[in-house]
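Q: Below: sequence and its predicted model.
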Amino acid sequence: MSASSPSAISTRSQEFWTGVRQELPLQLGVAPFGLVFGVLGLASGLTPLQTILLSSIVFGGASQVVFAQLWGAGVPAPVVGASVSVINLRHALYSASIAPYLRSLPLVWRIPLAYLLTDEAYAVTIHRLRNEPASPHQHYHLLGTGITLWVCWQLTTVTGVMFGSTIPQSWSLGFAIPLTFIALVAPAIRKRADLAACLTAGIISVVGQPLPWKSWIILAAIGGIAAGYLTHRHSNPETGA
Amino acid sequence: MIWLVMIACGIFTFATRFVMFSDVAPRQLPTWLQDALSFVPIAVLTAIIVPAVIVAPDGGLALVGNARLPAALVAVTVALFTRSVLATIATGLASLWCLDWLFY
(Lines give C-alpha, C1' and ligand atoms only; values in the text may rest on other atoms or scores of the structure.)
Protein backbone atom coordinates (compact mmCIF):
# COMPACT_ATOMS: atom_id res chain seq x y z
CA MET A 1 0.00 0.00 0.00
CA SER A 2 1.25 3.48 -0.70
CA ALA A 3 0.74 6.45 1.54
CA SER A 4 0.63 8.76 -1.48
CA SER A 5 -3.15 8.67 -1.88
CA PRO A 6 -4.74 9.05 1.54
CA SER A 7 -8.17 9.43 -0.05
CA ALA A 8 -8.10 5.85 -1.33
CA ILE A 9 -9.64 3.76 1.45
CA SER A 10 -8.53 0.16 1.50
CA THR A 11 -11.12 -2.52 0.88
CA ARG A 12 -11.87 -5.50 3.11
CA SER A 13 -10.16 -7.93 0.82
CA GLN A 14 -7.10 -5.70 0.34
CA GLU A 15 -6.64 -5.52 4.11
CA PHE A 16 -7.23 -9.24 4.60
CA TRP A 17 -4.86 -10.39 1.86
CA THR A 18 -2.19 -7.86 2.84
CA GLY A 19 -2.32 -9.40 6.31
CA VAL A 20 -2.04 -12.92 4.88
CA ARG A 21 0.87 -11.96 2.63
CA GLN A 22 2.79 -10.17 5.39
CA GLU A 23 2.22 -13.03 7.86
CA LEU A 24 3.40 -15.80 5.53
CA PRO A 25 7.18 -15.30 5.90
CA LEU A 26 6.87 -15.70 9.69
CA GLN A 27 5.51 -19.20 9.16
CA LEU A 28 9.10 -20.30 8.52
CA GLY A 29 9.50 -20.06 12.29
CA VAL A 30 5.99 -21.20 13.23
CA ALA A 31 5.87 -24.34 11.07
CA PRO A 32 8.83 -26.23 12.60
CA PHE A 33 7.57 -25.28 16.07
CA GLY A 34 4.12 -26.70 15.27
CA LEU A 35 5.63 -29.90 13.90
CA VAL A 36 7.78 -30.35 16.98
CA PHE A 37 4.84 -29.65 19.27
CA GLY A 38 2.85 -32.39 17.52
CA VAL A 39 5.71 -34.84 18.01
CA LEU A 40 6.36 -33.76 21.59
CA GLY A 41 2.68 -33.92 22.60
CA LEU A 42 2.58 -37.63 21.81
CA ALA A 43 5.99 -38.21 23.39
CA SER A 44 4.73 -36.58 26.60
CA GLY A 45 1.84 -39.02 26.79
CA LEU A 46 -1.03 -36.94 25.37
CA THR A 47 -3.31 -38.72 22.92
CA PRO A 48 -3.30 -37.57 19.27
CA LEU A 49 -6.72 -35.95 19.78
CA GLN A 50 -5.59 -34.11 22.92
CA THR A 51 -2.43 -32.86 21.20
CA ILE A 52 -4.33 -31.62 18.15
CA LEU A 53 -7.13 -29.96 20.11
CA LEU A 54 -4.71 -28.29 22.50
CA SER A 55 -3.50 -26.32 19.46
CA SER A 56 -6.95 -24.86 18.90
CA ILE A 57 -8.22 -24.68 22.50
CA VAL A 58 -5.16 -22.92 23.95
CA PHE A 59 -3.47 -21.79 20.70
CA GLY A 60 -0.24 -20.62 22.35
CA GLY A 61 2.97 -22.46 21.43
CA ALA A 62 5.19 -22.13 24.49
CA SER A 63 2.32 -22.72 26.91
CA GLN A 64 1.23 -25.84 25.00
CA VAL A 65 4.75 -27.27 25.28
CA VAL A 66 4.74 -26.66 29.02
CA PHE A 67 1.24 -28.12 29.35
CA ALA A 68 2.34 -31.32 27.61
CA GLN A 69 5.53 -31.66 29.64
CA LEU A 70 3.87 -30.99 33.00
CA TRP A 71 0.83 -33.16 32.32
CA GLY A 72 3.09 -35.96 31.08
CA ALA A 73 5.12 -35.72 34.29
CA GLY A 74 2.01 -36.13 36.45
CA VAL A 75 2.04 -32.59 37.82
CA PRO A 76 -1.20 -31.67 39.70
CA ALA A 77 -3.77 -29.82 37.58
CA PRO A 78 -3.67 -26.50 39.50
CA VAL A 79 0.10 -26.21 38.95
CA VAL A 80 -0.31 -27.00 35.25
CA GLY A 81 -3.02 -24.35 34.98
CA ALA A 82 -1.00 -21.76 36.88
CA SER A 83 2.11 -22.37 34.76
CA VAL A 84 0.20 -22.06 31.50
CA SER A 85 -1.48 -18.90 32.80
CA VAL A 86 1.77 -17.17 33.75
CA ILE A 87 3.23 -17.94 30.32
CA ASN A 88 0.21 -16.49 28.55
CA LEU A 89 -0.10 -13.33 30.67
CA ARG A 90 1.94 -11.46 28.08
CA HIS A 91 -1.06 -11.44 25.73
CA ALA A 92 -2.63 -8.78 27.95
CA LEU A 93 0.11 -6.47 26.66
CA TYR A 94 -0.81 -7.11 23.03
CA SER A 95 -4.46 -6.77 23.91
CA ALA A 96 -3.81 -3.37 25.51
CA SER A 97 -1.69 -2.11 22.65
CA ILE A 98 -4.08 -3.10 19.87
CA ALA A 99 -7.35 -2.34 21.72
CA PRO A 100 -7.56 1.36 20.77
CA TYR A 101 -7.88 0.30 17.11
CA LEU A 102 -10.51 -2.37 17.72
CA ARG A 103 -12.55 -1.33 20.72
CA SER A 104 -15.37 0.21 18.69
CA LEU A 105 -16.04 -3.05 16.82
CA PRO A 106 -19.03 -5.21 17.79
CA LEU A 107 -18.42 -8.26 19.99
CA VAL A 108 -18.82 -10.67 17.05
CA TRP A 109 -15.56 -9.16 15.76
CA ARG A 110 -13.71 -8.59 19.02
CA ILE A 111 -14.12 -12.20 20.23
CA PRO A 112 -12.58 -13.96 17.21
CA LEU A 113 -9.89 -11.28 16.84
CA ALA A 114 -8.91 -11.73 20.51
CA TYR A 115 -8.74 -15.50 20.01
CA LEU A 116 -6.42 -14.99 17.01
CA LEU A 117 -4.11 -12.56 18.85
CA THR A 118 -0.77 -14.39 18.94
CA ASP A 119 2.78 -13.00 19.18
CA GLU A 120 3.41 -13.16 15.44
CA ALA A 121 -0.01 -11.91 14.30
CA TYR A 122 0.21 -9.02 16.75
CA ALA A 123 3.70 -8.06 15.58
CA VAL A 124 2.67 -7.81 11.92
CA THR A 125 -0.71 -6.13 12.42
CA ILE A 126 0.38 -3.51 14.97
CA HIS A 127 3.00 -2.43 12.43
CA ARG A 128 0.24 -1.90 9.84
CA LEU A 129 -2.08 -0.12 12.28
CA ARG A 130 0.60 2.31 13.35
CA ASN A 131 2.25 2.99 10.00
CA GLU A 132 -0.40 2.75 7.30
CA PRO A 133 -3.40 5.07 6.80
CA ALA A 134 -6.37 4.22 9.03
CA SER A 135 -9.23 2.45 7.30
CA PRO A 136 -12.69 1.36 8.42
CA HIS A 137 -11.67 -2.13 7.31
CA GLN A 138 -8.30 -2.30 9.03
CA HIS A 139 -9.47 -5.07 11.38
CA TYR A 140 -9.51 -7.37 8.35
CA HIS A 141 -5.73 -7.12 8.45
CA LEU A 142 -5.63 -8.81 11.87
CA LEU A 143 -8.12 -11.37 10.60
CA GLY A 144 -5.67 -12.13 7.76
CA THR A 145 -2.55 -12.42 9.93
CA GLY A 146 -4.45 -14.33 12.64
CA ILE A 147 -6.05 -16.88 10.32
CA THR A 148 -2.78 -17.44 8.44
CA LEU A 149 -0.99 -18.33 11.65
CA TRP A 150 -3.92 -20.37 12.95
CA VAL A 151 -4.10 -22.51 9.81
CA CYS A 152 -0.33 -23.04 9.77
CA TRP A 153 -0.30 -23.98 13.47
CA GLN A 154 -3.17 -26.49 13.13
CA LEU A 155 -1.78 -28.09 9.97
CA THR A 156 1.74 -28.47 11.35
CA THR A 157 0.45 -29.83 14.68
CA VAL A 158 -1.57 -32.49 12.84
CA THR A 159 1.43 -33.28 10.62
CA GLY A 160 3.67 -33.61 13.67
CA VAL A 161 1.15 -35.96 15.31
CA MET A 162 0.90 -38.09 12.16
CA PHE A 163 4.62 -38.51 11.69
CA GLY A 164 5.71 -38.21 15.33
CA SER A 165 5.83 -41.92 16.00
CA THR A 166 7.91 -42.60 12.87
CA ILE A 167 10.74 -40.23 13.83
CA PRO A 168 13.60 -42.09 15.53
CA GLN A 169 14.51 -41.05 19.08
CA SER A 170 18.15 -40.59 17.96
CA TRP A 171 17.17 -37.50 15.99
CA SER A 172 16.70 -35.63 19.30
CA LEU A 173 13.86 -33.64 17.75
CA GLY A 174 12.70 -32.53 21.19
CA PHE A 175 15.81 -30.34 21.28
CA ALA A 176 14.15 -28.18 18.61
CA ILE A 177 11.93 -26.71 21.35
CA PRO A 178 14.73 -25.04 23.35
CA LEU A 179 16.34 -24.10 20.02
CA THR A 180 13.14 -22.34 18.91
CA PHE A 181 13.06 -20.40 22.17
CA ILE A 182 16.77 -19.54 21.89
CA ALA A 183 15.98 -17.99 18.51
CA LEU A 184 13.32 -15.82 20.17
CA VAL A 185 15.14 -14.92 23.40
CA ALA A 186 18.74 -14.26 22.32
CA PRO A 187 17.96 -11.34 19.96
CA ALA A 188 15.43 -9.93 22.48
CA ILE A 189 18.08 -9.28 25.13
CA ARG A 190 18.99 -5.63 24.58
CA LYS A 191 19.00 -3.93 27.97
CA ARG A 192 20.46 -4.72 31.36
CA ALA A 193 16.96 -5.45 32.68
CA ASP A 194 16.46 -8.08 29.95
CA LEU A 195 19.70 -9.76 30.95
CA ALA A 196 18.68 -9.68 34.63
CA ALA A 197 15.35 -11.37 33.78
CA CYS A 198 17.14 -13.99 31.68
CA LEU A 199 19.88 -14.81 34.22
CA THR A 200 17.51 -14.93 37.20
CA ALA A 201 15.03 -17.18 35.43
CA GLY A 202 17.87 -19.44 34.23
CA ILE A 203 19.43 -19.81 37.68
CA ILE A 204 16.12 -20.48 39.46
CA SER A 205 15.15 -23.04 36.82
CA VAL A 206 18.33 -25.03 37.57
CA VAL A 207 18.53 -24.55 41.33
CA GLY A 208 14.82 -25.31 41.67
CA GLN A 209 15.05 -28.74 40.01
CA PRO A 210 14.51 -30.70 43.27
CA LEU A 211 11.22 -28.86 43.92
CA PRO A 212 8.05 -30.93 43.49
CA TRP A 213 5.65 -30.67 40.52
CA LYS A 214 8.21 -28.94 38.30
CA SER A 215 7.20 -25.79 40.13
CA TRP A 216 10.56 -24.33 39.13
CA ILE A 217 8.93 -23.26 35.85
CA ILE A 218 6.51 -20.91 37.55
CA LEU A 219 9.05 -19.78 40.18
CA ALA A 220 11.70 -19.06 37.55
CA ALA A 221 9.16 -17.14 35.46
CA ILE A 222 8.01 -14.99 38.36
CA GLY A 223 11.59 -14.49 39.60
CA GLY A 224 12.75 -13.48 36.14
CA ILE A 225 9.87 -11.04 35.68
CA ALA A 226 10.58 -9.51 39.11
CA ALA A 227 14.33 -9.21 38.42
CA GLY A 228 13.70 -7.59 35.05
CA TYR A 229 11.13 -5.18 36.45
CA LEU A 230 13.27 -4.17 39.44
CA THR A 231 16.35 -3.63 37.27
CA HIS A 232 14.24 -1.59 34.87
CA ARG A 233 12.90 0.55 37.72
CA HIS A 234 16.39 1.00 39.05
CA SER A 235 17.79 2.12 35.66
CA ASN A 236 14.80 4.36 34.77
CA PRO A 237 13.59 5.78 38.08
CA GLU A 238 12.00 8.82 36.37
CA THR A 239 9.54 6.66 34.41
CA GLY A 240 8.37 4.75 37.48
CA ALA A 241 4.65 4.83 38.18
CA MET B 1 -9.86 -34.44 33.90
CA ILE B 2 -7.27 -33.47 31.29
CA TRP B 3 -10.04 -32.02 29.12
CA LEU B 4 -11.21 -29.83 31.98
CA VAL B 5 -7.69 -28.49 32.50
CA MET B 6 -7.23 -27.94 28.76
CA ILE B 7 -10.48 -25.98 28.56
CA ALA B 8 -9.65 -23.99 31.68
CA CYS B 9 -6.25 -23.09 30.19
CA GLY B 10 -7.98 -22.17 26.92
CA ILE B 11 -10.48 -19.90 28.67
CA PHE B 12 -7.77 -18.18 30.69
CA THR B 13 -5.59 -17.69 27.62
CA PHE B 14 -8.51 -16.25 25.69
CA ALA B 15 -9.26 -13.95 28.64
CA THR B 16 -5.71 -12.54 28.60
CA ARG B 17 -6.15 -11.75 24.90
CA PHE B 18 -9.65 -10.31 25.25
CA VAL B 19 -9.21 -8.38 28.49
CA MET B 20 -8.45 -4.98 26.96
CA PHE B 21 -11.00 -5.42 24.15
CA SER B 22 -13.86 -5.57 26.64
CA ASP B 23 -16.23 -2.68 27.24
CA VAL B 24 -15.31 -2.43 30.90
CA ALA B 25 -11.53 -2.39 30.41
CA PRO B 26 -9.61 0.74 31.37
CA ARG B 27 -8.13 2.68 28.46
CA GLN B 28 -4.62 1.60 29.39
CA LEU B 29 -2.81 -0.87 31.60
CA PRO B 30 -0.91 0.77 34.48
CA THR B 31 2.70 1.51 33.50
CA TRP B 32 4.16 -0.79 36.17
CA LEU B 33 2.10 -3.70 34.86
CA GLN B 34 3.11 -3.01 31.24
CA ASP B 35 6.76 -2.90 32.30
CA ALA B 36 6.47 -6.13 34.30
CA LEU B 37 4.61 -7.98 31.54
CA SER B 38 7.26 -7.00 29.00
CA PHE B 39 9.64 -9.39 30.79
CA VAL B 40 7.29 -12.40 30.61
CA PRO B 41 8.62 -13.85 27.32
CA ILE B 42 12.31 -13.67 28.29
CA ALA B 43 11.72 -15.05 31.79
CA VAL B 44 9.38 -17.85 30.73
CA LEU B 45 11.32 -19.00 27.68
CA THR B 46 14.66 -18.95 29.54
CA ALA B 47 13.10 -21.08 32.27
CA ILE B 48 12.28 -23.66 29.60
CA ILE B 49 15.55 -23.38 27.65
CA VAL B 50 18.12 -23.71 30.45
CA PRO B 51 16.92 -26.97 32.04
CA ALA B 52 16.39 -28.48 28.58
CA VAL B 53 20.05 -27.79 27.82
CA ILE B 54 21.97 -28.45 31.04
CA VAL B 55 19.86 -30.62 33.32
CA ALA B 56 20.28 -34.40 33.16
CA PRO B 57 17.26 -36.72 33.32
CA ASP B 58 17.97 -37.36 37.03
CA GLY B 59 17.68 -33.64 37.83
CA GLY B 60 21.44 -33.03 38.23
CA LEU B 61 23.60 -30.62 36.27
CA ALA B 62 25.06 -32.02 33.04
CA LEU B 63 27.98 -29.78 32.10
CA VAL B 64 30.52 -32.40 30.95
CA GLY B 65 29.88 -34.95 28.21
CA ASN B 66 26.69 -33.15 27.26
CA ALA B 67 26.52 -32.31 23.55
CA ARG B 68 23.39 -30.18 24.09
CA LEU B 69 25.47 -27.48 25.81
CA PRO B 70 27.88 -26.65 22.95
CA ALA B 71 25.04 -27.12 20.44
CA ALA B 72 22.97 -24.56 22.35
CA LEU B 73 25.90 -22.12 22.35
CA VAL B 74 26.17 -22.48 18.57
CA ALA B 75 22.44 -21.82 18.36
CA VAL B 76 22.69 -18.68 20.51
CA THR B 77 25.41 -17.32 18.22
CA VAL B 78 23.41 -18.09 15.09
CA ALA B 79 20.27 -16.56 16.64
CA LEU B 80 22.11 -13.34 17.49
CA PHE B 81 23.53 -12.98 13.98
CA THR B 82 20.65 -14.22 11.80
CA ARG B 83 17.55 -13.67 14.02
CA SER B 84 16.13 -16.60 12.08
CA VAL B 85 14.19 -19.32 13.87
CA LEU B 86 14.76 -21.77 11.06
CA ALA B 87 18.53 -21.17 10.86
CA THR B 88 18.80 -21.47 14.65
CA ILE B 89 16.94 -24.79 14.76
CA ALA B 90 18.86 -26.16 11.78
CA THR B 91 22.35 -25.28 13.03
CA GLY B 92 21.51 -26.25 16.60
CA LEU B 93 20.22 -29.69 15.63
CA ALA B 94 23.06 -30.23 13.12
CA SER B 95 25.62 -29.32 15.81
CA LEU B 96 24.01 -31.76 18.23
CA TRP B 97 24.10 -34.58 15.69
CA CYS B 98 27.73 -33.87 14.69
CA LEU B 99 28.91 -33.60 18.30
CA ASP B 100 27.05 -36.76 19.31
CA TRP B 101 28.56 -38.61 16.39
CA LEU B 102 32.10 -37.28 16.88
CA PHE B 103 32.62 -37.26 20.63
CA TYR B 104 29.90 -38.76 22.72
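A: Yep, it's here.

Q: Next one: A:His127 relative to A:Leu149, how far apart?
A: For A:His127, the distance to A:Leu149 (CB to CB, to the nearest Å) stands at 15 Å. Just so you know, the C-beta spots here come from the backbone N, C-alpha and C atoms, and that holds for glycine as well.

Q: more neighbours, the two?
A: Set side by side, A:His127 and A:Leu149 show unequal neighbour counts under other CB atoms under 10 Å in any protein chain shown, the larger going to A:Leu149 at 25 against 13.

Q: surely that one meets A:Gly29?
A: No - under the criterion of CB atoms under 8 Å, A:Leu149 lies out of contact with A:Gly29, with a separation of 10.5 Å.

Q: Spit out the residues that contact the two alike.
A: A:Glu120 (CB atoms under 8 Å, 6 or more residues apart in numbering or on different chains).

Q: Against which helices or strands is the host helix or strand of A:Ser13 packed?
A: Following DSSP states H and E, the helix or strand that holds A:Ser13 is helix A:12-23. Contacts of helix A:12-23 with other secondary structure elements, assessed using 3 or more CB pairs under 8 Å, 6 or more residues apart in numbering or on different chains; DSSP states H and E, are made with helix A:119-131, helix A:139-164.

Q: Can you list the neighbours in contact with that helix?
A: When contacts are defined by CB under 8 Å, 6+ apart, helix A:12-23 is touched by residues A:1, A:10, A:120-121, A:124-125, A:128, A:135, A:137-149.

Q: Just the angle for it relative to helix A:139-164, thanks.
A: For helix A:12-23 against helix A:139-164, the angle by axes from the mean of the first three to the mean of the last three CA atoms, to 10 degrees is 50 degrees.

Q: Point out where chain A drops to low pLDDT.
A: Across chain A, the ranges flagged by pLDDT under 70 are A:1-7, A:238-241.

Q: Okay, domains of it per the record?
A: If you go by automatic domain parsing, the domain ranges for chain A are A:13-171, A:189-241.

Q: So for B:Asp100, which of the ones you listed sits nearest?
A: Shortest separation from B:Asp100 across the domains of chain A is recorded for domain A:13-171, at 8.3 Å, computed as CB to CB.

Q: how far does that closest one sit from the chain's center?
A: 6 Å (CA atoms, centre = their mean, to the nearest Å).

Q: Kindly check the end-to-end length of it for me.
A: 43 Å (CA to CA, to the nearest Å).

Q: Also stretch B:57-69?
A: End-to-end distance for stretch B:57-69: 14 Å, by CA to CA.

Q: so how far is A:Ile217 from the residue nearest the centre of chain A?
A: Centre of chain A computed as the mean C-alpha position; nearest residue by CA atoms, centre = their mean is A:Asp119, 4.5 Å away. If you measure A:Asp119 against A:Ile217 using CB to CB, the figure is 19 Å.

Q: Find the closest residue to chain A in chain B.
A: Of all residues in chain B, B:Ala43 sits closest to chain A, at 2.7 Å by CB to the nearest CB.

Q: Let me know how buried that residue is, in neighbour terms.
A: B:Ala43 - counted by other CB under 10 Å - has 32 other residues nearby.

Q: Excluding residues flanking it in the chain, which one is nearest it?
A: Counting by CB to CB, 6 or more residues apart in numbering or on different chains, B:Ala43 lies nearest to A:Gly224, which is 2.7 Å off, once chain neighbours are set aside.

Q: Quickly note the distance from the residue of chain A found nearest chain B to B:Thr31.
A: Closest to chain B within chain A is A:Gly224: 2.7 Å, counting by CB to the nearest CB. Between A:Gly224 and B:Thr31 the distance is 20 Å, computed by CB to CB.

Q: The two: which is more packed in?
A: Neighbour totals were compared for A:Gly224 and B:Thr31, and A:Gly224 leads with 30 against 11 (other CB under 10 Å).

Q: I'd assumed that one was in a strand, is it?
A: No - membership of A:Gly224 in a strand is not supported by DSSP: H, G, I helix; E, B strand; the rest coil, which gives helix.

Q: thought it was touching A:Ala197?
A: Yes - with contact defined as CB under 8 Å, A:Gly224 reaches A:Ala197; the gap is 4.4 Å.

Q: anything in contact with each of these two?
A: Counting by CB under 8 Å, 6+ apart, the residues touching both A:Gly224 and A:Ala197 are B:Phe39, B:Ile42, B:Ala43, B:Thr46.

Q: The residue nearest the centre of chain B is in what secondary structure piece?
A: Residue closest to the mean C-alpha point of chain B, counted by CA atoms, centre = their mean, is B:Leu45 at 2.7 Å. For B:Leu45, the host element (DSSP H and E) is helix B:40-54.
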